[in-house]
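Q: Give me a model of this one.
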Amino acid sequence: MNKVMQLRDKRNTLWEQTKAFLEEHRDENGMVEASAVEQYDKMAADVKALGVEIQRLEDQAAFDAEMAKPTSKPVVGMPTADKKPAGKPTATDEYTGAFWDMMRGSVDMNVRNALSIGEDTEGGYTVPDEFERQLIHGLEENNIFRRMAHVIRTASGTRKIPIANDIMEASWIDEGEAIPETNTKFAQTTLSAYKLGTMIKVSNELLHDSAFDIAAYIADRFGVCMGNAEENAFINGDGDKKPTGLLAETGAELGVTAASETLLTFDEIFQLYYSLKAPYRRKAAFLCNEAVLLQLMTIKDKNDNYIWKPSLDIAKPDTILGRPIYTSAFMPVPAKGEKAICFGDYNYYWVADRSNRTFRRLNELYAVTDQVGFLTTQRVDGKLILPETVKYLKMKGTKAAASGGTGTGG
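A: Below is the predicted model:
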């Protein structure tokens, strides 16, 4: 972690230099001189890049710590010959070994017998428990939104969630007076199980190379592909064969509309902050595209202080108005009619993972190129179950009809 602290100190120093540079190159109207814009953008981008590297190192350290944890308890008694293995069948060493033997192409009947407990209805096999935890970490590393949301596991196709639409109130009453009823209204929302899948190819030479860690490779590649697809759906999904995104019509609520089609002001960020009810602000965070973040880094409050503050503490995010700020490439850029920033408690966005993920080995599809395909599928849904918990800032104007989905910045 010494390197992380060094990078944090370096970023903080660079940010102070960037602010000083910005102040030195403002004209009499307080605007940044045109000749200084390019240099400022480069300095701000360097600050952002250091933040990304810090986050990457912290994620790596957290992942290393998780993978270093023991996966079993030591034997403290005399084991008996007839004692059955504890835990799920897919968590046994036998199943794990058989699973990866099958992925490498083994057709031994002992392997098939061991895998019979994890065979699904579509011909694939349930991934071993330890590997699924590794794959989930891969998903989270490439999916900032999943880390902030409330994740549940469900074995059924749908999950019904009861919601109280109002807050109960107590009344002052005299001695002996009847206690009035409170007509609390209840609603219900449903989480389904939409199918998400992807496929990769591996050459037979690599597959049968004992030095090639197929488990780590698959976890990394599937983690990137599935994580990106999930985050895009959790933010922009329309609910048609995919989760209902945060920015869908039934998702977050409008907090404030900007006066400009492309530029933000302190007053608008301040109004967005207070458009969210106080109880939700305690755990709220900002979410935006990096193009929006670069604008926020130049905005000052009424006391002439920058509202963006770089974090100096390990594993803590940067802040805006004292609340964490996160970026996603799938949030819109600041353009006409776009929902540029969200602010809220994302724990009210529920992600439902149905059962375990499954793998399938495809032997013939790429045989002519001497490659083997690996296909993975999962069933997942997501929805903001209480829209008032997240507010968004919308840029001025009406968004132009899109032919390929919500615009993003990379």
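
Q: going forward, measure contacts between C-alpha atoms and count neighbours the same way
A: Noted.

Q: if you count residues, which helix in the chain comes out on top?
A: helix 34-67 (DSSP state H).

Q: What is the end-to-end distance of stretch 261-270?
A: 18 Å (CA to CA, to the nearest Å).

Q: Might you calculate how far it sits from the centre of the chain?
A: Offset of stretch 261-270 from its chain centre (CA atoms, centre = their mean, to the nearest Å): 25 Å.

Q: What residues of it count as buried?
A: 261-262, 264-266, 268-269 (16 or more other CA atoms under 10 Å).

Q: Asp318 contacts Met297, correct?
A: No: checked against CA atoms under 8 Å, the pair Asp318 and Met297 is beyond contact range at 10.7 Å.

Q: Can you pull the residues that touch both of the two?
A: Trp308 (CA atoms under 8 Å, 6 or more residues apart in numbering).

Q: can you give me the helices for the stretch 201-350 of the chain?
A: 204-207, 214-236, 266-275, 278-281, 290-296 (DSSP state H, counting those that start in this stretch).

Q: between these, which gets nearest to Glu58?
A: helix 214-236 (17.1 Å; CA to CA).

Q: what's the closest one packed up against?
A: Packing partners of helix 214-236 (3 or more CA pairs under 8 Å, 6 or more residues apart in numbering; DSSP states H and E): helix 129-141, helix 144-148, strand 194-203, strand 371-384.

Q: I'd like the helices of the stretch 201-350 of the chain as CSV, with distance to Thr398 appended.
A: Formatted as CSV, the helices of the stretch 201-350 of the chain follow (distance: least, CA to CA, whole Å):
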stretch, distance to Thr398
helix 204-207, 52
helix 214-236, 17
helix 266-275, 18
helix 278-281, 28
helix 290-296, 19
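
Q: quick one: low-confidence parts of this structure?
A: Applying pLDDT under 70 to the chain picks out residues 1, 66-142, 156-157, 159, 161-169, 171, 181-188, 210-212, 355-356, 401-410.

Q: Could you rerun that using 50?
A: 78-85, 109-119, 121-125, 403-410 (pLDDT under 50).

Q: which ones are touching the nearest residue to Lys300 once chain neighbours are set aside?
A: Once flanking residues are discounted, Lys300 sits nearest to Tyr306: 4.2 Å by CA to CA, 6 or more residues apart in numbering. Contact analysis of Tyr306 by CA under 8 Å, 6+ apart lists 297-300.

Q: Now render the residues you listed as a markdown table, adding neighbour count and distance to Arg282.
A: Below are the contacts of Tyr306 laid out as a markdown table (neighbours: other CA atoms under 10 Å; distance: CA to CA, whole Å):
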| residue | neighbour count | distance to Arg282 |
| --- | --- | --- |
| Met297 | 18 | 23 |
| Thr298 | 19 | 25 |
| Ile299 | 17 | 23 |
| Lys300 | 15 | 23 |
